[in-house]
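Asker: Starting from these lines, generate the structure:
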Amino acid sequence: MNEIISLIINIEVKAGRRQEQIDAFSAISTLVLEEVGCLQYELKAVQGDENKFVILEKWSSKEALLAHEKEDFMIEADKKNALFRAKGAEIIFLTSV
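Answerer: Residues are numbered from 1 along each chain as shown. Sure, this is the predicted structure:
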């Protein structure tokens, strides 16, 4: 039985580069949501800090998440993210309790 995979991705962008993160997410979000196994893919802004965001993701299985990471458009997006992000993203995997 596959367990649903939930994760939070913490993102910090360089000062003045907020809109680039929003635009980059918007450019791929429809593609991601159409992927087999994608249950949730949302960008949220952190209140009180215009340079911080959170992406909420939920996948039907580990296999679906791994396939997502190998999509050509995701590989390209990851390369471009380095231009406006202050540091690498922090990925937190969640478990139901």
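Asker: Identify the bridge partners of the residue positioned nearest the centre of the chain.
Answerer: Geometric centre of the chain, nearest residue: residue 55, 4.6 Å, by C-alpha atoms, centre = their mean. Taking DSSP bridges as the rule, residue 55 bridges to residue 9, residue 43.
Asker: Quick check: residue 18 touching residue 49?
Answerer: No - Residue 18 is beyond contact range of residue 49, at 10.1 Å (criterion: C-beta atoms under 8 Å). Backbone N, C-alpha and C define where each C-beta goes, glycine included.
Asker: Which of these two has more residues huddled nearby?
Answerer: Taking neighbours as other C-beta atoms under 10 Å, residue 18 and residue 49 compare with residue 18 leading, 16 against 9.
Asker: Now the more buried one: closest residue in space, sequence neighbours ignored.
Answerer: Nearest residue to residue 18, sequence neighbours excluded (C-beta to C-beta, 6 or more residues apart in numbering): residue 50, at 5.4 Å.
Asker: Then residue 53?
Answerer: Distances taken as C-beta to C-beta, 6+ apart place residue 11 nearest to residue 53, at 4.4 Å, with adjacent residues excluded.
Asker: Same question for the one you found, what's its three-state structure.
Answerer: Using DSSP: H, G, I helix; E, B strand; the rest coil, the structure places residue 11 in strand.
Asker: Show me the longest helix that occurs in this protein.
Answerer: Longest helix in the chain by number of residues (criterion: DSSP state H): helix 18-33.
Asker: Flag every buried residue along that one.
Answerer: 18, 20, 21, 24, 25, 32 (16 or more other C-beta atoms under 10 Å).
Asker: Let's have those residues in a markdown table, adding distance to residue 70.
Answerer: Formatted as a markdown table, these follow (distance: C-beta to C-beta, whole Å):
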| residue | distance to residue 70 |
| --- | --- |
| 18 | 28 |
| 20 | 24 |
| 21 | 22 |
| 24 | 19 |
| 25 | 19 |
| 32 | 13 |
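Asker: Which of those sits closest to residue 64?
Answerer: Residue 64 has its nearest neighbour among the buried residues of helix 18-33 in residue 32, at 11.0 Å by C-beta to C-beta.
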